[in-house]
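Undergrad: Give me a model of this one.
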Amino acid sequence: MKTQNDRIKIYAPDIEPRMRHKRIFDIFDGLEIGMCLELTNDHDPKPLYYQFLFEREGLFDWKYELDGPTTWRVTIRKR
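TA: Sure, this is the predicted structure:
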C-alpha cells in the first residue's frame with residue numbers, strides 16, 4: 001500500500017484472498033471525504049463494486065482507469 005497526497009494505492013493481489021475485501025473496506029472507511037483509493041488488480045473487481053453498492057451505497061464514486069485484459073485499475077473516491 002502506498003500513500004500519495006489524496007490517494008492510497010493498493011495492489012490487491014498482495015493481500016491474502018480471504019482478507020482482501022475486508023482490508024479494502026477498512027482502508028476506504030479510514031479515508032477522509034474526497035480522498036481516493038486506487039485499486040490495481042489482476043481481474044475485474046466487479047464483485048467488489050457490487051459489495052460497495054450494497055454496503056456503502058451513496059458514499060463512493062467508482063471509475064475504471066484501466067479495464068483489462070490482464071490488469072484492472074479503479075479509483076474509488078469517498079463522498
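
Undergrad: Can you get me a residue count around L39?
TA: Neighbour count of L39, defined by other C-beta atoms under 10 Å: 22. No exception for glycine: its C-beta is placed from N, CA and C like everyone else's.

Undergrad: Where does the spatially most central residue of the chain fall, secondary structure wise?
TA: Central residue of the chain (C-alpha atoms, centre = their mean): L39, 4.4 Å from the mean position. Assessed by DSSP states H and E, L39 sits inside strand 36-41.

Undergrad: Only C-alpha atoms, please: export that strand in CSV.
TA: Provided in CSV are the C-alpha atoms of strand 36-41 (Å, rounded to 0.1, in the frame of the first residue of the first chain):
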residue,chain,number,x,y,z
CYS,A,36,-9.3,8.2,-3.2
LEU,A,37,-8.4,4.6,-3.1
GLU,A,38,-6.6,3.5,-6.3
LEU,A,39,-7.0,-0.3,-6.6
THR,A,40,-5.0,-2.4,-9.0
ASN,A,41,-6.0,-6.0,-9.6
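
Undergrad: ok, then the element right after the worst-scoring helix or strand of the chain on mean pLDDT?
TA: Ranking every helix and strand in the chain by mean pLDDT, DSSP states H and E puts strand 2-4 at the bottom, with a mean of 61. Following strand 2-4 in sequence order, the next helix or strand is strand 7-11 (DSSP H and E).
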